[in-house]
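>>> give me coordinates for this.
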Amino acid sequence: MRILVQRVSQAQVLVEGQVRGAIGLGLVLLVGIHQDDGAEAVRFCAEKCAHLRIFPDEQGKLNHSVLEVGGAVLAISQFTLYGDCRRGRRPSFTEAAPPAQAKPHYEQFLLALENLGLRVERGVFGAHMTVEIHNEGPVTLLVESP
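Purely as a prediction, here's the structure:
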């Protein structure tokens with residue numbers, strides 16, 4: 001799995017002009033599923049995202065997780081995170097899991113985050129979405145399963 005993590009003050013996702021998910025303080029997680037991913041990758045990435053200390057403490061140091069600050073998560077499926085741009089001008093997506101394989105892993109990832117105590121909003125798997133992100137900091141990190 002490959003997850004682009006953005007700390008946000010607010011974010012929302014729209015499908016066909018309708019808000020499908022929205023959060024205030026928290027994380028936007030753009031979630032890519034690799035063709036070889038399994039349950040261990042899902043568990044690892046959910047734990048890592050929930051416990052990343054990327055929110056400031058009283059001294060401004062990045063010392064708190066989204067759980068500790070009472071934030072929420074907006075998770076968006078994003079197969080393009082596995083786009084390979086090393087050759088030519090058109091990305092290759094051969095490493096991304098096909099939709100029938102990726103969707104169950106995406107759903108398991110969301111459930112794992114909820115089981116860790118997070119409020120999770122989501123996009124619509126496979127839909128064309130507009131994502132509005134107010135990146136705070138900015139703080140943007142890449143989390144990848146081992």
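
>>> got the contact list for Leu14?
Leu14 makes contact with 20, 129-132, according to C-beta atoms under 8 Å, 6 or more residues apart in numbering. For the C-beta atoms, the positions are set from N, CA and C on the backbone; glycine is no exception.

>>> how far does stretch 76-92 sit from the chain's center?
In terms of C-alpha atoms, centre = their mean, to the nearest Å, the centre of stretch 76-92 is set 17 Å apart from its chain centre.

>>> residues touching the residue nearest the centre of the chain, list them.
The centroid of the chain falls nearest to Leu29 when counting by C-alpha atoms, centre = their mean (1.7 Å). Applying C-beta under 8 Å, 6+ apart to Leu29 gives the contacts 3-6, 49, 73-76.

>>> what secondary structure does it sit in?
Of the three states, Leu29 takes strand according to DSSP: H, G, I helix; E, B strand; the rest coil.

>>> from Asn135, how far out is it?
13 Å (C-beta to C-beta, to the nearest Å).

>>> swap in Gly24?
Taking C-beta to C-beta, one finds Gly24 at 14 Å from Asn135.

>>> and what of Arg89?
Distance, Arg89 to Asn135, by C-beta to C-beta: 28 Å.

>>> neighbour count for these two, which is higher?
More crowded of Arg89 and Asn135, by other C-beta atoms under 10 Å: Asn135, with 13 against 5.

>>> one step back: run a quick neighbour tally on the closest residue to the residue nearest to the centre of the chain other than its chain neighbours.
Nearest residue to Leu29 in three dimensions, chain neighbours excluded: Ala75, at 4.5 Å (C-beta to C-beta, 6 or more residues apart in numbering). Counted with other C-beta under 10 Å, residues neighbouring Ala75 total 24.
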